[in-house]
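Participant: coords please:
(one chain, ligands or ions: 1)
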Amino acid sequence: MADCVCMNPPFHDADYDTTVIGVDKTSGRFAEVTIETCKRCGSLWLRYCYEIEAFSQSGRWYRGLVTPEVIAELQPEHAPMILAALPWYFYGGSYYQTTGQRGMGAVH
Ligand SMILES: [Zn+2]
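Facilitator: Below you'll find the predicted structure:
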């Protein structure tokens, strides 16, 4: 799995089946919460993505490996907590000026 496209940035939407979970409106973020299922290895990625409209270069996303059990009970508002509790996740976007790096800890 470490060699899979889903483990190696940059990531491409075409490699995943995307399921929309909803929008996290906490703090007026309107973050989009989706599950991306890797078409090659079947890994499940929780993706959390938002930008602050008043600011350019504010786009940011986080994506972390999750289990079907986590997804079954997933509420959009819980996504940042779930990501923060993972051993690591990928993050990127215009705000970070990266197409994907590994990180961990709080999401904000
Ligand atoms: Zn994969």
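
Participant: could you list the buried residues of the stretch of helix or strand V20 belongs to?
Facilitator: Take DSSP states H and E as the rule and V20 turns out to sit in strand 16-24. By 16 or more other C-beta atoms under 10 Å, the buried positions in strand 16-24 come out as Y16, I21, D24. Every residue, glycine included, has its C-beta placed from N, CA and C.

Participant: export the residues you listed as JSON lines, with columns for distance to the ion and pLDDT.
Facilitator: Output for those, formatted as JSON lines (distance: C-beta to the ion, whole Å; pLDDT from 0 to 100):
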{"residue": "Y16", "distance to the ion": "8", "pLDDT": "98"}
{"residue": "I21", "distance to the ion": "19", "pLDDT": "97"}
{"residue": "D24", "distance to the ion": "25", "pLDDT": "96"}
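
Participant: show the pLDDT at the closest residue to S56 other than its chain neighbours.
Facilitator: In space, and not counting its chain neighbours, S56 is closest to S94: 7.7 Å by C-beta to C-beta, 6 or more residues apart in numbering. pLDDT, S94: 95.

Participant: next one: the one 3 residues further on
Facilitator: Looking at Q97, its pLDDT stands at 95.

Participant: next: M1.
Facilitator: In this model, M1 carries a pLDDT of 65.

Participant: kindly report the same for the one 3 residues further on.
Facilitator: With respect to pLDDT, C4 has a value of 97.

Participant: pretty sure it is touching W45, no?
Facilitator: No: using C-beta atoms under 8 Å, C4 is not in contact with W45; the gap is 11.0 Å.

Participant: how far off centre is the strand holding V20?
Facilitator: Here the centre of strand 16-24 is set off from its chain's centre by 10 Å, with C-alpha atoms, centre = their mean, to the nearest Å.

Participant: which SS state does the residue nearest the centre of the chain fall under?
Facilitator: Nearest residue to the geometric centre of the chain (C-alpha atoms, centre = their mean): R47, 2.1 Å. Using DSSP: H, G, I helix; E, B strand; the rest coil, the three-state assignment for R47 comes out as strand.
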